[in-house]
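Student: Here is a sequence with its predicted model. Questions after.
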Amino acid sequence: MSTGTHGGRAKCLQRLVRLDMPVPLTVALPFTTVHQIAQGNLPDVDAILAEFGEYPLLTVRPSSEDPDWGGPGAILNVGMNDALHGLLAERIGQEAADALYLRFILAYAIHVERIDPEAFDLPESYDRAAIDRALEIYLEETDTDFPQTPAKQLAEVLKSMARAWEGTTARLLRQAKGAPADAGLGLVVQDMALGLGAAESGAGVIQFVDSTTGEPQITGRYLSQSQGRDALGQGAGAIYLTRDARGPSLEDLAPACFETLLDYGVLCRKRLREEMQIEFTIESGTLHILDAVRVQRSSRAALRIAVALAEDGMIPKEEAILRIAPRALTELLHRQVDPRGPRDAILRGIAASPGAATGRIVFTSNAAQAAAARDENCILVRHETSPEDIRGMHASVGVVTERGGMTSHAAVIARGLGLPCVVGVQGLTLSSRRKELIVADGRRFSEGDVVTVDGATGEVLAGAADLLEPALGDAFQTFMGWADQLRDIGIRANADTPADALMARTFMAQGIGLCRTEHMFFEEDRLTLMREVIFANGVPARAAALERLLPLQRADFTALFRTMQGLPVCIRLFDPPLHEFLPGDREGMREMAEAMDLPLADVARRVELLSEVNPMLGMRGVRLGVTFPEIYDMQARAIFEATIEASRDGDPVVPEIMIPLVSAKREVEMVRANVEAVAAAVRAERGVSFDYKLGVMVETPRAALRADEIAQHAAFLSFGTNDLTQMTYGLSRDDAGRFMSEYVRQGVFAEDPFHVLDFDGVGELLTIGATRARQTRPEIVLSMCGEHGGNAESIAFCRDAGFDYVSCSPFRVPVARLAAAQLALTQPRRGAPVANL
Ligand code: PEP
Ligand code: MG
């Protein structure tokens, strides 16, 4: 018998029997038999019944391969008829026997004969009169007497369950949960263990860990007949399992059964290698085990359970690693909406940055800052965010934007700041002026109203939802340590500030794979400085602005190197899409004019002059560096001076400098010549020598195609898949959100390519780039640093393409470490890395 032939429930019951647990007599029908039943070919029902004695009383339960695929509901008390009713009345009392019979008549009529439940207008009491009335109604509705032979009853129950499984609705429902079209159903026919009797009797479930935390804890419920449970299983309420001052417990009422259940919990851990929830009945003091299922668990509980099982030697570490889906880790790293609490979703969009936060709605950055000054948590809601909103984002605990996609401004910044964020929200009418938003169902929310952003699901909930704190305790650390022992591809973090770097270290990244230096100027007091550089009209003005930038950059880099303590740090030279730094509205221009002490008209004119129709494809990256070489020169100097500084009190730092948005070899040659000159100058001035590595970001299709010649000048190539996706598709990162969900919904794209790497198209460019680069320079180090870097599918791709490492935002580092470990366990690596991981 296997799960694939008889279903999970049947297989589990077989195991419980083998463990000598008192499982009532059970007959399991395989998928093939049930399929035949659905076609009208019944098995030998009499032979089945013969197993259960003269007066069988049975349950029939579904047993699908995966319990999540659902199945028809169990039918209890099959075999109940006039004769057994009389016998049972003597054994368990008239009232209980009446209730059981009535219950079966109703279940059979409704689920097998498909009679409308409304037809049964029965008296309140469950007695003989009610039974007679139910039998009468049955006769009226079906023109036949209620079947009295167990054989007829069982045959009809089996047929109805088998057919229900093969019905179209049931099939579609389970296919939506991942079941194959031909998924089979097994059926389990089991002796009823009633949980009714003279001495202590009742029914319950017990488990030995908490489903939310995974901590050891006895939980469940027990309904005792002696404590008010009636024969229909409805009672005054569950009573406690363990000894409790609030009332009698299972431990008091049936201490021996309780002890045995605890032993069974241990047995399940040892032999089934799982935390199981056990369903049981007690019949006059005798324990029966009806079923056991894997304990339902949150992600944090799943990890805690896997680590505990491995630490106790029940499963190997490798299996613990394979039991946790990498994505599930995200839930542990952030606050999370407690799945046990109520949720009132008012908005849905793209889940752009994980975590959950509750706060009052604000519609402007100023309001956000004012709220922060009052120590009030706020959620910033905008059409989209622009540079002016950085301060507001810093002051908020969560961000919601109407427009935008996975790599829009709001999404990238929120991920960097670790703020939960939902973008591209549908059905939202937003009026910042009236300080009001209206959601799809017509409800209105004003500034100051409390909402919760659920960045894990991409929803905004009305009110303050219950939140769970991050779970980065011992179990998490142990688990990640095991993952690191197994994986064979490097994992670095995209980290822009010393605070990010600290986060990267907390999550044990092996270095920084991308420091977006322009992001170092997103802090409110620094934005103006960066703007001055962009704004400078003429060489002297720019030189003056750069002179002020130099010490800040030097200090930033020194702090980064020190935080990373000898781990590699890859610094990308400025790549500021101009619209992310220029003010977007009049208010912003006014503020800028004030900060730069310029007339508003001058600012407006200059902004207009610098504005680009397509800023994402405009004066960015190396184009800025070639046009205004003094900008990159300043950065190179800051990096080298910081290198000397940080090497003074630690191991020598070897910085990695990366040139963004390259499309031609000549760009690299020019920047390289300048950087070399700066290095030589700094060495001469300081009388100190140092090494560095110069590399190129491959993020335009042309750079990928010409990687062979670009590699001549690069010690490493890092594939920027955000831009590469944008440019391969000809699809602006900032505008993708406008139609992406529609595209995915209609199946034009299987997934948002900014979210899941497009292996066919963008992937081919990566492979071409990697192959051509290694033809020129076999030892060239290859990596990926776009937003895709952290997900399992991209990591698999990078391993096969021979990449050395991937780099992703700090909070995704644990996800990437686990995904990489699982790949190492399940798929031999095809492409060999060159770097020493
Ligand atoms: C990229 O384009 O993939 C990348 C990492 O750089 P950015 O997102 O800063 O453009
Ligand atoms: Mg880029």
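Tutor: Received the coordinates, thanks. Ligands and ions are numbered 1, 2, ... in the order given.

Student: what residues does the protein put near ligand 1?
Tutor: With CB under 6 Å from any ligand atom as the criterion, the chain meets ligand 1 at residues 514, 516, 575, 699, 720-723, 785-786. Quick note: C-beta positions are derived from backbone N, CA and C, even for glycine.

Student: among those residues, which are in reach of ligand 2?
Tutor: 699, 720, 723 (CB under 5 Å from the ion).

Student: Out of the residues you listed, which is nearest to Ser611?
Tutor: Of all those, Asp723 has the smallest distance to Ser611: 20.4 Å, by CB to CB.

Student: nearest spatial neighbour of the closest one, skipping sequence neighbours?
Tutor: Excluding the flanking residues, the one nearest Asp723 by CB to CB, 6 or more residues apart in numbering is Glu699, at 3.7 Å.

Student: Ok, Asp708 next?
Tutor: Arg772 (4.0 Å).

Student: tell me the pLDDT at that neighbour?
Tutor: Arg772 carries a pLDDT value of 97.

Student: host element of it?
Tutor: Assigned by DSSP states H and E, Arg772 belongs to helix 762-776.

Student: Remind me what that helix packs against, helices and strands.
Tutor: Under the contact criterion of 3 or more CB pairs under 8 Å, 6 or more residues apart in numbering; DSSP states H and E, helix 762-776 touches helix 701-705, helix 707-710, strand 716-719, helix 721-729, strand 781-784.

Student: Briefly note if the last one comes near ligand 2.
Tutor: No. Contact check for strand 781-784 against ligand 2, using CB under 5 Å from the ion: none in range, with a minimum separation of 11.7 Å.

Student: what separates the helix holding Arg772 from the chain centre, distance-wise?
Tutor: Counting by CA atoms, centre = their mean, to the nearest Å, helix 762-776 is centred 31 Å from the centre of its parent chain.

Student: How about that helix, which residues are buried there?
Tutor: 762-763, 765-770, 772-774 (16 or more other CB atoms under 10 Å).

Student: In these, find the pair that's most separated.
Tutor: Between any two of the buried residues of helix 762-776, the greatest separation by CB to CB is 18.8 Å, found for Val762 and Arg774.

Student: hang on, Gln296 in a helix?
Tutor: No. Counting by DSSP: H, G, I helix; E, B strand; the rest coil, Gln296 falls outside a helix, being coil.

Student: What pLDDT does the model give it?
Tutor: 90.

Student: go on, Arg103?
Tutor: 91.

Student: That one contacts His85, correct?
Tutor: No. Checked against CB atoms under 8 Å, the pair Arg103 and His85 is beyond contact range at 11.6 Å.

Student: in the stretch 451-600 of the chain, which spans are helices?
Tutor: Using DSSP state H, counting those that start in this stretch, the helices found in the stretch 451-600 of the chain span residues 474-486, 498-506, 524-535, 539-564, 586-596, 600-610.

Student: contacting residues around the helix or strand harbouring Glu95?
Tutor: Assessed by DSSP H and E, Glu95 sits inside helix 94-107. Contact partners of helix 94-107, identified using CB atoms under 8 Å, 6 or more residues apart in numbering, comprise 75-78, 80, 85-86, 88-89, 91, 117, 120, 122, 126-128, 130-131, 134-135, 138, 146, 194, 196, 230-232.

Student: In strands only, show me the residues you listed.
Tutor: Of the contacts of helix 94-107, the ones assigned to strands by DSSP state E are 75-78.

Student: Let me know the closest of those to Ile659.
Tutor: Nearest to Ile659 among the ones in strands among the contacts of helix 94-107 is Ile75, at 69.8 Å by CB to CB.

Student: And that closest one, how close does it get to Ile110?
Tutor: Taking CB to CB, to the nearest Å as the measure, Ile75 and Ile110 are separated by 10 Å.

Student: Please apply the same query to Leu196.
Tutor: 23 Å.

Student: When the two are compared, which one has more neighbours?
Tutor: For Leu196 versus Ile110, the count of surrounding residues by other CB atoms under 10 Å is larger for Leu196: 25 against 14.

Student: so that one sits right up against Ile92, yeah?
Tutor: Yes. Counting by CB under 8 Å, Ile92 is a contact partner of Leu196 at 4.6 Å.

Student: low-scoring stretches of this structure, by residue?
Tutor: 228-240, 244-247, 524, 835-837 (pLDDT under 70).

Student: and the stretch 651-800 of the chain, which of its residues are near ligand 2?
Tutor: When proximity is defined as CB under 5 Å from the ion, the stretch 651-800 of the chain approaches ligand 2 at 699, 720, 723.

Student: helix or strand for Ala199, which one?
Tutor: Per DSSP H and E, there is no helix or strand for Ala199.

Student: Was I right to think it contacts Cys257?
Tutor: No. With contacts counted by CB under 8 Å, Ala199 stays clear of Cys257, the gap being 11.2 Å.

Student: so which residue of the stretch 151-300 of the chain comes closest to ligand 2?
Tutor: Per CB to the ion, Ser299 is where the stretch 151-300 of the chain lies closest to ligand 2, at 31.3 Å.

Student: ok, and the closest non-adjacent residue to that residue?
Tutor: Ala328 (3.7 Å).

Student: What distance do you get for Glu645 to Pro652?
Tutor: According to CB to CB, Glu645 and Pro652 sit 12 Å apart.

Student: Ramachandran coordinates for Val671?
Tutor: For Val671, the backbone dihedrals are phi -60, psi -40 (criterion: degrees, to the nearest 10).

Student: Run a quick neighbour tally on Arg637.
Tutor: Arg637: 20 surrounding residues under other CB under 10 Å.
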